[in-house]
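Asker: from the sequence below, what's the structure:
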Amino acid sequence: MIVTGEASGDLHGANLVKAMLKSDETINFAGMGGEEMGSAGVELLFDAAKVSVVGVAEVISHLPDIFKAQKVLKKYLAKSRPDLLIIIDLPDFNLLLAKFAKSLGIKVFYYICPQVWAWRSGRVKTIRERVDTVGVILPFEESFLRERGVVANYVGHPLLDTVHVTQTRAEFLEHHGIPQERRCVGLLPGSRKKEVASLLPTFLAAARKLQEKNNERLSFLVPLASTINEQELLSHGVEVYSTDLDIHIIRGDRYSLMAACECVVAASGTVTLELALLDIPMVVTYRLSPLTYRLGRLLIKLEHFSLVNLIAGKEVVPELLQDEVQPEAIADFLQSFLFQTDKRAKVLDGLAKVRAKMGTEGASERAAQLALHMLQ
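Answerer: Residues are numbered from 1 along each chain as shown. I've put the predicted structure just below:
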């Protein structure tokens, strides 16, 4: 069984499944994921999009789906007794499932575990008790976990295997009917429905302010995540703002989209590392419900919240948190990335150093070998 809960985990899970099947095509997979894992051959027992939420208030509103997903997956574990449970990220959900699997004597492999080195380090004890092996994706995570009694192996970051551009910028622009000389700005509000509802209207307002600052026409690119439908993007502002702005909703080939952009405003998450690998300056935003934010301030003591800045250990890209996520602030940062060469160069230098810290390619294959060893 393999279980994940968001678009990035769906992609990494699919690549892990493919790598395992390459070594042993007789393995059967079932679990929770999205389109990518389904296409890779996983029998989907539950749609990951229904449990992909962040924040206390957001989780509460999705409790019926979360409980249903746990029930469906536990029933499968109890009835089918798979030889291995692979969990990917989604810690609060997955560690509950891991506890149940362990009670049945099923081995548990955690691939891409929570950032316990950053916050809620008490979860290390839970991981130690419920997980047999952890495949970590950042070099320093291995020693951090091993020093605390967890069996951990560094496999490298899976994004190094997956972030590849399939079209040149010219090909991408031609394919989507965008003039070759046009500067493109990415609006990436995330892959969760609540994120999109919260951030996309603000991103679009920022896009309008940015366009108003410049005489030259800009194109704004919005990716359509597998967990979101186009109507949701339209209803959260794209339809209204399209009367003033040149907005393109892009389905698929997200890396060619990113590479075509001069700069991007993005929701905090894995996407920031994808952008770093592609050399794209970004503004990173994070906005939660007021309740979740207040609780988070008590629990999390970090100078930065974006993965890029956490890995760098300093501010490489600007971050806007909660009430700071305002159209004018976003537009100002994007303007500087577009037209101030010194600021753009400084960001690009920082992104290069982050890439160097992320290791080498081959994460999916190394993780697959760990999983296959556990099966044996």
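Asker: which residues in the stretch 51-200 of the chain form strands?
Answerer: In the stretch 51-200 of the chain, the segments counted as strands under DSSP state E, counting those that start in this stretch are 84-88, 107-111, 133-136, 152-154, 183-188.
Asker: mind giving me the packing neighbours of the first one?
Answerer: It stands for strand 84-88. strand 2-3, helix 7-23, helix 91-103, strand 107-111, helix 363-375 (3 or more CB pairs under 8 Å, 6 or more residues apart in numbering; DSSP states H and E). C-beta coordinates here come from the backbone N, C-alpha and C atoms, glycine included.
Asker: ok, the fourth one next?
Answerer: Other elements packing on strand 152-154 under the criterion 3+ CB pairs under 8 Å, 6+ apart are strand 133-136, helix 139-146.
Asker: contact partners of that strand?
Answerer: Identification of contacts with strand 152-154 by CB atoms under 8 Å, 6 or more residues apart in numbering yields 133-139, 141-142, 145-146, 359, 366, 370.
Asker: out of these, which one has the weakest pLDDT?
Answerer: Minimum pLDDT for those is recorded at Pro139 (76).
Asker: redo the strands of the stretch 51-200 of the chain as a markdown table? Include distance to Gly31 and mean neighbour count.
Answerer: Converted to a markdown table, the strands of the stretch 51-200 of the chain look like this (distance: least, CB to CB, whole Å; neighbours: other CB atoms under 10 Å):
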| stretch | distance to Gly31 | mean neighbour count |
| --- | --- | --- |
| strand 84-88 | 8 | 26 |
| strand 107-111 | 12 | 24 |
| strand 133-136 | 17 | 24 |
| strand 152-154 | 22 | 19 |
| strand 183-188 | 27 | 24 |
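Asker: point out where the stretch 51-200 of the chain drops to low pLDDT.
Answerer: 52-62, 117-120 (pLDDT under 70).
Asker: possible to save the strands of the stretch 51-200 of the chain as CSV with distance to Met1?
Answerer: Output for these, formatted as CSV (distance: least, CB to CB, whole Å):
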stretch, distance to Met1
strand 84-88, 5
strand 107-111, 10
strand 133-136, 15
strand 152-154, 21
strand 183-188, 31
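Asker: for Pro318, find the nearest of the ones you listed.
Answerer: strand 183-188 (14.9 Å; CB to CB).
Asker: partner strands of the closest one, with direction?
Answerer: strand 218-224 (parallel), strand 263-267 (parallel) (DSSP bridges).
Asker: SS state for the closest residue to Glu35 other than its chain neighbours?
Answerer: Leaving aside its sequence neighbours, Glu35 sits nearest to Ser226 (CB to CB, 6 or more residues apart in numbering; 4.5 Å). Secondary structure assignment for Ser226 (DSSP: H, G, I helix; E, B strand; the rest coil): coil.
Asker: check contacts around Ser226.
Answerer: Counted by CB under 8 Å, 6+ apart, Ser226 has contacts 7, 10, 34-36, 49, 191.
Asker: before we move on, what about Leu338?
Answerer: 183, 185, 214, 262-263, 344.
Asker: repeat for Leu95
Answerer: 87, 123, 126-127, 130.
Asker: of all the strands of the stretch 51-200 of the chain, which lies closest to Lys75?
Answerer: strand 84-88 (13.8 Å).
Asker: which residues touch Gly350?
Answerer: Contacts of Gly350 were listed using CB under 8 Å, 6+ apart, and they are 308, 312, 314, 316-317.
Asker: can you flag the buried ones in those?
Answerer: Buried members of those, scored by 16 or more other CB atoms under 10 Å, are 308, 312, 316-317.
Asker: now for these: which two are most distant?
Answerer: Ala312 and Val317 (8.8 Å).
Asker: between the helices and strands packed on strand 84-88, which one is closest to Leu334.
Answerer: helix 7-23 (23.6 Å).
Asker: can you tell me the helix or strand for Pro201?
Answerer: helix 193-213 (DSSP states H and E).
Asker: okay, the angle between that helix and strand 218-224?
Answerer: 170 degrees (axes from the mean of the first three to the mean of the last three CA atoms, to 10 degrees).
Asker: list the buried ones in helix 193-213?
Answerer: The neighbour-count check on helix 193-213 (16+ other CB under 10 Å) flags 193-196, 198-211 as buried.
Asker: one more: stretch 88-100?
Answerer: 88-91, 93-98, 100.
Asker: off-centre distance for that stretch?
Answerer: 17 Å (CA atoms, centre = their mean, to the nearest Å).
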